[in-house]
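Asks: What follows is a predicted structure for the sequence shown.
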Amino acid sequence: MTTPFKAAAVQAAPAFLDLKAGVAKAIALIEEAAAQDVKLIAFPETWLPGYPWWIWLDAPAVGMQYVVPYFQNSIEAGSDEDLALAEAARKNNIQVIMGVSERHEGSLYMGQWHYDANGDVISRRRKLKPTHVERAVFGEGDGSDIVVNETELGRIGALCCWEHLQPLTKYAMFSQNEQIHAAAWPSFSVYRGGAYQLGSDVNVCAARQHAVEGQCFVLSACATVSKEMIEMLCDTDVKRQFLLEGGGYANIFGPDGQALAEPLAETEEGLLIAEINLDTIAIAKAAADPTGHYSRPDVFRLMFNRSKNPRVMNFDEGLQAAGTDEVVERAEAQLEAVIEQSE
């Protein structure tokens, strides 16, 4: 038997383009959760320093005005802001999964940083494939970012936004015996009525479906768009039609798909809190375990490269990673193929 505990999903607007203010607001939410004996809190996608909504509102050239402030207010690993979040997790004895725009050298990545209750970093994952116009801002992750981590609360994984619409990505998560899942969303407030897949119905269903398919608990954190953000980003009537206030649809789902917390109004900020009892996963798994007894590996299998994919490697590191004998065998096979083609 496991001991039930409380977990929280955040629904709140970011301190837009203000990293220091955003960290302060995050710490306040962490403290609020800890005061209610919450042991795990999940934040929305790129909540620090906010989702770059301008990419959906105008031409790339117009959005260039935001490149420098967004880059400067994105968070770096090891920075004072990173250490402040770690200290908040330690001081409040709570695990924190923070949605960030991660700045690494000259590039940005859509990240989820997981701190344990001692303030140590469990993982810093990156979104595997930024969605649509997000690719004008962010780089990509690799197979090492599709990971479920063993923690004192259980096996915890995380994905951003439309990673929940990637069937193979989800299956890779399920295959790691995911018990608790942090789903990070930027808010559902853009193109309402004009692009149904960007609305709340589809994306709330995607979070719920992850819980049902994977038989896991899902903390579905969702940001809101504030009036201040609209004033900053929407300087025409057309833009004001595209980006609306609110869009907060945070939820918490159990492994049977049941909603475990009462949703907030879409413009309201706060915490959704629910009790997590890992023992109930066994009931859901008994019905359908897609990577266990409910699978058919003789018909379908997933090929999954979990390795890091560095841009630059030393030559000897490449040999060690592959194994010298394997490198030789691969070269011989390639040579034989060339000879056969020439004949």
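Replies: Received the coordinates, thanks. Every value quoted in this text rests on a predicted model; they were computed, and no experiment measured them. Numbers count the residues shown, from 1 in each chain.
Asks: distance of the nearest residue to Gly247 once chain neighbours are set aside from Asp82?
Replies: The shortest distance from Gly247 to any residue other than its chain neighbours is 2.7 Å, reached at Ser189 (CB to CB, 6 or more residues apart in numbering). For glycine as for every other residue, the C-beta is placed from the backbone atoms N, C-alpha and C. Applying CB to CB, to the nearest Å, the value for Ser189 to Asp82 is 29 Å.
Asks: These two: who's more crowded?
Replies: Neighbours were tallied for Ser189 and for Asp82 using other CB atoms under 10 Å; the higher tally belongs to Ser189 (26 against 21).
Asks: Confirm that Glu262 sits in a strand.
Replies: No. Assessed by DSSP: H, G, I helix; E, B strand; the rest coil, Glu262 does not belong to a strand; its assignment is coil.
Asks: Model confidence score at it, please.
Replies: Residue-level confidence at Glu262 comes out at 96, pLDDT.
Asks: Show the backbone phi and psi for it.
Replies: Dihedral pair for Glu262: phi -80, psi 120, per degrees, to the nearest 10.
Asks: List the contacts of it.
Replies: Counting by CB atoms under 8 Å, 6 or more residues apart in numbering, Glu262 touches Leu272.
Asks: so who does Phe16 touch?
Replies: When the contact criterion is CB under 8 Å, 6+ apart, the partners of Phe16 are Pro49, Gly50, Ser226, Glu228, Met229, Met232.
Asks: So what's the residue count around the residue nearest to the third one when sequence neighbours are not counted?
Replies: Once its chain neighbours are removed from consideration, Ser226 has its nearest residue in Ala13; the separation is 3.9 Å (CB to CB, 6+ apart). Residue neighbour count, defined by other CB under 10 Å, stands at 23 for Ala13.
Asks: pLDDT wise, what is Ala13 at?
Replies: We have a pLDDT of 98 for Ala13.
Asks: pretty sure Ala221 is touching Ala184, no?
Replies: Yes. Under the contact definition of CB atoms under 8 Å, Ala221 touches Ala184, with a separation of 5.6 Å.
Asks: Now list whatever residues contact both of those two.
Replies: Shared between the contact lists of Ala221 and Ala184 (criterion: CB under 8 Å, 6+ apart) are residues Ala42, Phe43, Pro44, Trp47, Gly99.
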